[in-house]
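**Student:** model the following, please.
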Amino acid sequence: MKTLLLLPFYGLIAFILMIAMLVFFGISDQPELKLDWAMTQMDVTSAKKILREGSKTRPDEISTIELTLADLNLAGNYLLNRFSKGKALIALKDHKIRFAVTATLPENVVGKYVNISFRLGHEDGNPLPTLTKFKAGKLLLPSKVAAWVIETAIKHTSLNQYFLLATDPIKAVTIDDDKITLTYHPSRTTLKTARDLLTHDSSNKEHGNIYQGKIAAIVRAHDPNWRLSLADLLQPLFALAFQRSSLETAIEENRVVINTINDYVNTNESGVKPPSPYYPAYLYKRIDLAQHFIGAAAITASVNSQVAQVFGEEKELQDAQSGSGFSFVDLTADKAGTRFGDLATANPNSARKMQRAMSTVKDYTDFMPDPRTLPEHMDEATFKKRYGTINSADYEKVSKEIDALIAATRIYKK
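**Tutor:** Below is the predicted model:
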C-alpha cells in the first residue's frame with residue numbers, strides 16, 4: 001500500500017525531471033530555424049480559409065479534408081505566430097509528418113528561443129499518427145517518454161482545449177508525400193469551438209459582453225454634436241479592465257478590450273451588430289485613422305506585431321495600385337496601433353502598466369502622434385518614383401521618423 005501511494009509522487013518527479021531536460025536542451029540563445037517567415041495579407045486570409053475547412057462539415061457527418069504541404073506550412077506558421085514569433089518547417093516523407101519548430105520566448109534568464117523537432121507516423125495499424133521521434137535541441141528523447149511528457153503538460157495547461165479540438169473530431173489521417181487526408185467527424189460543439197479558437201479573436205464572450213455593454217452606454221450618453229474620439233472608448237474600457245483584472249489575467253482582459261473596441265470601430269468588417277445610435281470613432285478628425293489604429297492593435301493582440309506590420313504595409317501598397325493611394329499617415333496609425341497592442345499584451349507587467357496609463361489619458365494625443373504632415377495619397381507611380389520599394393533607404397528614413405514620433409508619445413515613453 002505504501003508503494004502504491006508513492007507512485008504518483010514518483011510520476012510527478014519523473015515529469016518534473018523530463019520538463020527540466022526539455023528546458024535545458026531545448027532552450028537556446030540561437031534559433032535553429034532562421035526566423036525569416038513573413039506573412040502577406042493573402043497568406044493570412046488563406047490560412048484562415050484552411051482552418052475554416054472543417055467548419056464546412058455538417059455536425060455529426062463524416063467528411064474528408066485534404067491539406068497540401070503548402071497548406072500545412074501556411075496554417076502551421078499562422079497558428080504558431082498567434083502565440084509567439086517563430087517559424088515552423090513541415091515536411092512529408094516516408095508516410096510521416098516531420099516538424100521543425102523555433103519559437104521566441106518571453107524575456108527570461110535561460111534563453112531566447114526554444115528549438116524542437118518531431119515526427120508523426122502510423123504504428124500498429126492505428127489510423128491516427130502518433131509521435132515517433134522527438135528532439136529538444138540536440139537531445140533525442142524516446143518517443144513514448146516524450147509523448148507522455150507532452151500529453152501531461154498539455155492536459156494541465158490552457159493548451160488542453162486545442163489538444164481536444166485537434167484530436168476529438170479527427171478519426172483517421174492518411175499521409176502521402178505531397179498531402180495529408182483527414183477523415184473528420186465533428187460534433188456541433190466541436191465546430192463552434194473550432195470557429196472560436198482558430199478564426200475568431202475574441203473568444204471570451206462573457207467578458208466581451210461586459211465591455212460591449214460599456215460601449216453601448218458610452219454611445220448612448222455621447223453628444224451627437226461632437227465627434228466620438230477613440231479615446232472616449234479606450235480610456236473607460238481600460239479603466240474597467242484595470243478594476244476587473246489582476247496581474248495574472250491582465251493580458252487576456254486587454255485582448256478582450258481591444259477586440260471589443262475593434263468590433264465597434266471596424267463594424268463593417270467585424271460582423272458584429274453595432275449599438276444604436278452609432279457614432280464612428282475619430283483620430284485627428286479622421287475615421288480611417290481610428291480604424292487603422294485599433295485594427296492594427298487587434299491583430300497584434302491576437303496574433304503578433306509582425307503580422308500587423310505586414311497587414312499595414314500590404315494595405316497601403318494595394319491602395320497605391322487602386323484606391324486612395326499610399327499613405328504614411330495611415331501607416332503611422334498602423335504602427336502606433338501595433339505598438340499599443342504589443343505593450344498591452346507583451347507580458348503581465350506590461351499589460352497592467354498599459355491599463356494604468358490608459359485609465360488616465362486625457363485625449364488621443366497620449367497614444368497617437370499627429371501624422372498629418374507626412375506624405376499620403378500617392379499612386380503607385382508616385383510612390384515608386386519617390387521611394388522605390390518598402391525596402392529602400394528613402395522609405396526606411398520615413399519609417400524611422402514615424403517610429404520616433406510614436407516613441408515620443410506619452411503612452412510609449414519608457
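**Student:** how's this protein carved up into domains?
**Tutor:** 27-199, 205-412 (automatic domain parsing).
**Student:** look up how far Asn115 lies from Thr102.
**Tutor:** Distance check for Thr102 against Asn115: by Cβ to Cβ, to the nearest Å, it reads 5 Å. C-betas here are computed from N, CA, C, even on glycine.
**Student:** could you report the neighbour count for Glu380?
**Tutor:** 15 (other Cβ atoms under 10 Å).
**Student:** coming back round to it: which residues do Thr102 and Asn115 both contact?
**Tutor:** Applying Cβ atoms under 8 Å, 6 or more residues apart in numbering, one finds that Thr102 and Asn115 are jointly contacted by 31-33.
**Student:** which stretches of the protein form strands?
**Tutor:** 27-28, 63-68, 86-93, 96-104, 113-121, 130-136, 139-141, 170-175, 179-184, 228-229, 281-282 (DSSP state E).
**Student:** any buried residues in stretch 361-372, and which?
**Tutor:** In terms of neighbour count (16 or more other Cβ atoms under 10 Å), stretch 361-372 has its buried residues at 361, 364, 366-369, 371.
**Student:** kindly report the same for stretch 261-269.
**Tutor:** Buried, per 16+ other Cβ under 10 Å, within stretch 261-269: 261-267.
**Student:** and what of stretch 216-231?
**Tutor:** Applying 16+ other Cβ under 10 Å to stretch 216-231 flags 218-219, 227-231 as buried.
**Student:** among those residues, which are in helices?
**Tutor:** 218-219, 231 (DSSP state H).
**Student:** for the closest residue in space to Lys144 that isn't next to it in sequence, give the beta-bridge partners.
**Tutor:** Excluding the flanking residues, the one nearest Lys144 by Cβ to Cβ, 6 or more residues apart in numbering is Leu131, at 7.9 Å. Per DSSP bridges, the residues bridged to Leu131 are Leu120.
**Student:** isn't Leu131 right next to Arg119, touching?
**Tutor:** Yes. If you go by Cβ atoms under 8 Å, Leu131 and Arg119 touch, sitting 7.4 Å apart.
**Student:** out of the buried residues of stretch 216-231, who's nearest Ile180?
**Tutor:** For the buried residues of stretch 216-231, the residue nearest Ile180 by Cβ to Cβ is Leu230; the value is 44.3 Å.
**Student:** how much space between that closest one and Tyr284?
**Tutor:** Leu230 sits 10 Å away from Tyr284, going by Cβ to Cβ.
**Student:** what is in contact with the two at once?
**Tutor:** 364, 368.
**Student:** check contacts around the nearest residue to Ile170 once chain neighbours are set aside.
**Tutor:** Among residues not flanking Ile170 along the chain, Leu182 sits closest, at 5.5 Å (Cβ to Cβ, 6+ apart). Counting by Cβ under 8 Å, 6+ apart, Leu182 makes contact with 64-67, 170, 172-173.
**Student:** give me the beta-bridge partners of Leu182?
**Tutor:** Ile65, Val173.
**Student:** then Ala100?
**Tutor:** The partner residues for Ala100, given DSSP bridges, come to Leu89, Ser117.
**Student:** pretty sure it contacts Arg119?
**Tutor:** No. Between Ala100 and Arg119 there is no contact under Cβ under 8 Å: 10.2 Å.
**Student:** more neighbours: which of the two?
**Tutor:** The residue with more neighbours, out of Ala100 and Arg119, is Arg119; 19 against 16, by other Cβ under 10 Å.
**Student:** how close does that one sit to Leu33?
**Tutor:** Distance of Arg119 to Leu33, computed by Cβ to Cβ: 16 Å.
**Student:** just the pLDDT for Asp223.
**Tutor:** Asp223 carries a pLDDT value of 94.
**Student:** show the backbone phi and psi for it.
**Tutor:** Per-residue torsions, Asp223: phi -80, psi 110 (degrees, to the nearest 10).
**Student:** OK, contacts around it?
**Tutor:** Shown in contact with Asp223 (Cβ under 8 Å, 6+ apart): no residues.
**Student:** state the distance from it to Ser229.
**Tutor:** The value you get for Asp223 to Ser229, if Cβ to Cβ is used, is 12 Å.
**Student:** now swap in Val329 and tell me
**Tutor:** Distance from Val329 to Ser229, counting by Cβ to Cβ: 17 Å.
**Student:** do Ala297 as well
**Tutor:** On the measure of Cβ to Cβ, Ala297 and Ser229 end up 16 Å apart.
**Student:** shaky segments in the stretch 1-150 of the chain?
**Tutor:** Filtered on pLDDT under 70, the stretch 1-150 of the chain yields the residue ranges 1-26, 37-61, 82-84, 145-146, 148-150.
**Student:** can you give me the helices in it?
**Tutor:** With helices called from DSSP state H, counting those that start in this stretch, the stretch 1-150 of the chain shows them at 2-26, 41-52, 69-83, 143-155.
**Student:** nearest to Leu74 among the contacts of Leu182?
**Tutor:** Leu67 (9.5 Å).
**Student:** isn't Lys335 up against Ile402?
**Tutor:** Yes. The pair Lys335 and Ile402 qualifies as a contact (Cβ under 8 Å) at a distance of 5.6 Å.
**Student:** these two: who's more crowded?
**Tutor:** Lys335 (26 against 20).
**Student:** per-residue pLDDT of the more buried one, please?
**Tutor:** Per the predicted model, pLDDT is 91 at Lys335.
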